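turn this into a model:
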Amino acid sequence: AVKRLLKERGYDELAESSAHIERRERELRGDDQASSDAEESQQAQPKANMFDLLMGGEDGGGNDDSEESDGSGAPPAPPPAAAAAAEGRRRAKGKRKGKGKKGATAATGSGEQTMEEFEAELAEFQQKLPESTVAADDVRAESGKGKGEALGVVLTEQQQRNRVLLVADAKHLDSEAEIRRMFGSAAVKDKGQRLGAAAAGKRLTLSHPKASWPAMRAQAGVDMRAADAAELRDDPTGGSWFVVEHSGRFRSVQVEFLAAVQTHSADGVAAIAHHHPYHVDALLQLSEILKQTGGDFAEAGELVERALFAFEIGFAPRFSITGGMARLDFRYVESRTLYLALFRHMQFMARRGCWRTAFEVNKVLLSLDPVQDPYGALLTLDFHALKSRQHEYVRQFVSDWSWSSVELPNWAFSRALAEFMIEQQQGASSGGEVSSMELLVQAILTFPTVVPVLWSKANVGVDDVVLTHP
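The predicted structure follows:
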């Protein structure tokens with residue numbers, strides 16, 4: 001019954017095909033001239049299975065070998081990919097065999113530089129290298145240049161020491177982040193949602209716009225450019241000078257603002273700030289009106305921050321407000337508004353108790369013109385440094401600052417207090433050359449008239465004989 005079934009299903013034709021396959025295999029095995037790669041490809045092909053071929057007629061899901069068979073009895077040819085891989089392996093073997101023989105003569109045969117010639121040139125170059133290095137060091141020493149290449153300008157060592165004292169930390173210019181560090185996130189959860197840097201169009205440092213602020217449908221009209229050669233001043237600090245400019249639209253609104261100020265019209269100023277929400281002069285004036293009339297101090301501070309946002313949008317690409325080397329010429333009226341905005345912002349930060357933010361803003365204000373210091377930032381920097389517990393900064397500032405005089409009463413007494421706080425924290429290993437007591441005595445002897453003022457501020461009762469003593 002099995003034979004009859006096999007005969008009905010074409011077993012005779014299958015037997016002929018299998019016989020032809022066996023004869024072909026004997027011929028291939030007897031061929032001694034076949035390459036090793038061809039033998040590997042033949043061994044990779046599986047031997048025909050009679051039952052698989054038998055079941056291939058009934059089931060369409062047979063193996064690939066039965067499907068590739070054309071029914072003529074010819075053995076299945078290796079796929080093109082396998083043949084190409086075998087050919088690639090054969091060529092690679094030939095290259096590896098000939099590599100060792102040709103490697104020794106490749107350099108000389110092709111006319112390229114030999115290893116001996118290369119080593120000779122390298123030795124000659126190394127003999128010349130120390131001389132050129134010494135010459136470059138001599139040129140640098142003669143010119144007095146030091147660090148500061150990363151800033152685009154080359155600074156002397158003195159300029160670099162002063163610049164370090166003016167670099168502001170951008171992460172500490174955020175007052176809400178400081179409040180969050182002191183009191184937790186619950187203290188600022190109702191302050192309004194902030195806009196991201198992408199919404200503002202650039203990375204912001206001084207201001208942090210909120211979603212409740214009016215949309216800036218047009219540019220604020222406050223732009224900045226680098227100062228021309230004719231506008232540059234003699235500057236020992238080595239900084240880069242910039243100038244603020246107003247657009248034509250801003251100047252037309254400025255005429256209306258000045259008319260409202262001359263008539264003492266607070267409503268007129270408020271109307272200009274409403275119709276032009278990023279007019280910096282109107283924002284600062286309205287903030288001052290709210291502060292003087294007992295209005296909302298939080299809203300007054302937000303108006304100042306909005307003015308800083310308008311300025312920051314128009315900053316020049318090379319103007320780095322935290323780098324300590326950006327200068328703004330106070331002689332131009334357009335530039336003075338930024339000084340005023342930073343000074344007001346520093347005051348509001350101190351009023352909120354954000355001493356570290358006020359300290360960083362104070363450094364930014366001083367860095368705009370550290371020599372002239374039009375807003376007297378040097379007179380408040382020591383106070384903000386002590387309140388933010390930057391005692392090491394006070395010590396370093398007194399010893400390294402050379403762009404203006406620090407022989408001032410506030411710095412003399414602040415230096416003694418900072419040294420005292422460092423001694424309390426570190427003990428005998430404070431590293432100070434002079435003790436806090438010696439610094440206090442020196443400050444009293446240098447500025448004796450400050451002592452009665454300190455007594456009165458501290459509510460210390462002193463005999464009138466002492467106060468009236470010459």
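
can you show me the helices along the stretch 201-350 of the chain?
248-262, 266-275, 280-292, 297-313, 333-351 (DSSP state H, counting those that start in this stretch).

so which residues of the stretch 351-470 of the chain form helices?
Counting by DSSP H, counting those that start in this stretch, one finds helices in the stretch 351-470 of the chain at the ranges 355-367, 378-387, 391-400, 409-426, 436-446, 450-457, 464-467.

most tightly surrounded among those?
Stretch with highest mean neighbour count among those: helix 355-367 (a mean of 25; mean count of other CB atoms under 10 Å). Yep, even glycine has a C-beta here, placed from its N, CA and C like the rest.

using PDB, write out every CA atom in it.
Provided in PDB are the C-alpha atoms of helix 355-367 (Å, rounded to 0.1, in the frame of the first residue of the first chain):
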ATOM      1  CA  TRP A 355      21.300  88.600  49.200                       C
ATOM      2  CA  ARG A 356      23.200  86.300  46.900                       C
ATOM      3  CA  THR A 357      21.300  87.500  43.900                       C
ATOM      4  CA  ALA A 358      21.900  91.200  45.000                       C
ATOM      5  CA  PHE A 359      25.600  90.400  45.300                       C
ATOM      6  CA  GLU A 360      25.800  89.000  41.800                       C
ATOM      7  CA  VAL A 361      23.900  91.900  40.300                       C
ATOM      8  CA  ASN A 362      26.200  94.300  42.200                       C
ATOM      9  CA  LYS A 363      29.200  92.600  40.500                       C
ATOM     10  CA  VAL A 364      27.500  93.000  37.100                       C
ATOM     11  CA  LEU A 365      26.900  96.700  37.800                       C
ATOM     12  CA  LEU A 366      30.500  97.300  38.800                       C
ATOM     13  CA  SER A 367      31.800  95.400  35.700                       C
END
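
got the contact list for the closest residue to W403 other than its chain neighbours?
Leaving aside its chain neighbours, W403 sits nearest to P370 (4.8 Å; criterion: CB to CB, 6 or more residues apart in numbering). P370 sits next to 162, 166, 237, 403-404 when contact means CB atoms under 8 Å, 6 or more residues apart in numbering.

quick check: P370 vs A310, distance?
Relative to A310, P370 is positioned 25 Å away (criterion: CB to CB, to the nearest Å).

ok, now A120?
Look at A120 and A310: by CB to CB, they are 66 Å apart.

higher neighbour count, the two?
Neighbours were counted for A120 and for A310 using other CB atoms under 10 Å; A310 has more, 22 against 12.

thinking again about what came up before, and of the helices of the stretch 201-350 of the chain, who's closest to L379?
helix 333-351 (11.7 Å; CB to CB).

can you tell me which helices and strands the closest one packs against?
Judged by 3 or more CB pairs under 8 Å, 6 or more residues apart in numbering; DSSP states H and E, the packing partners of helix 333-351 are strand 240-246, helix 280-292, helix 297-313, strand 326-328, helix 355-367, helix 378-387.

go again using 6 Å as the cut-off
In this structure, helix 333-351 makes packing contacts with strand 240-246, helix 297-313, helix 355-367, judged by 3 or more CB pairs under 6 Å, 6 or more residues apart in numbering; DSSP states H and E.

how about the longest one: buried residues?
What that stands for is helix 297-313. Neighbour-count burial for helix 297-313, counted by 16 or more other CB atoms under 10 Å, picks out 300-313.

quick one: low-confidence ranges for this protein?
1-22, 24-25, 27-113, 126-153, 189-202, 428-431, 470 (pLDDT under 70).

ok, now with 80
Where the chain drops to pLDDT under 80, the residues are 1-116, 118-119, 121-154, 185-203, 295, 427-433, 466-470.

ok, back up a step: which one of the helices of the stretch 351-470 of the chain lies nearest to M346?
So among these, helix 355-367 is nearest, using CB to CB, at 4.4 Å.

out of the buried residues of helix 297-313, which two sit at the greatest distance?
Across the buried residues of helix 297-313, the longest distance by CB to CB is 21.2 Å; it joins A300 and I313.

and the strands in the stretch 101-250 of the chain?
In the stretch 101-250 of the chain, the segments counted as strands under DSSP state E, counting those that start in this stretch are 222-226, 240-246.

would you turn those into JSON lines with distance to S388 and mean neighbour count?
Below are these laid out as JSON lines (distance: least, CB to CB, whole Å; neighbours: other CB atoms under 10 Å):
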{"stretch": "strand 222-226", "distance to S388": "29", "mean neighbour count": "18"}
{"stretch": "strand 240-246", "distance to S388": "28", "mean neighbour count": "19"}
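
format those as TSV; extra columns: distance to Q442.
Below are these laid out as TSV (distance: least, CB to CB, whole Å):
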stretch	distance to Q442
strand 222-226	44
strand 240-246	38
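
closest to H276 out of those?
Per CB to CB, nearest to H276 of these: strand 222-226, 11.8 Å.
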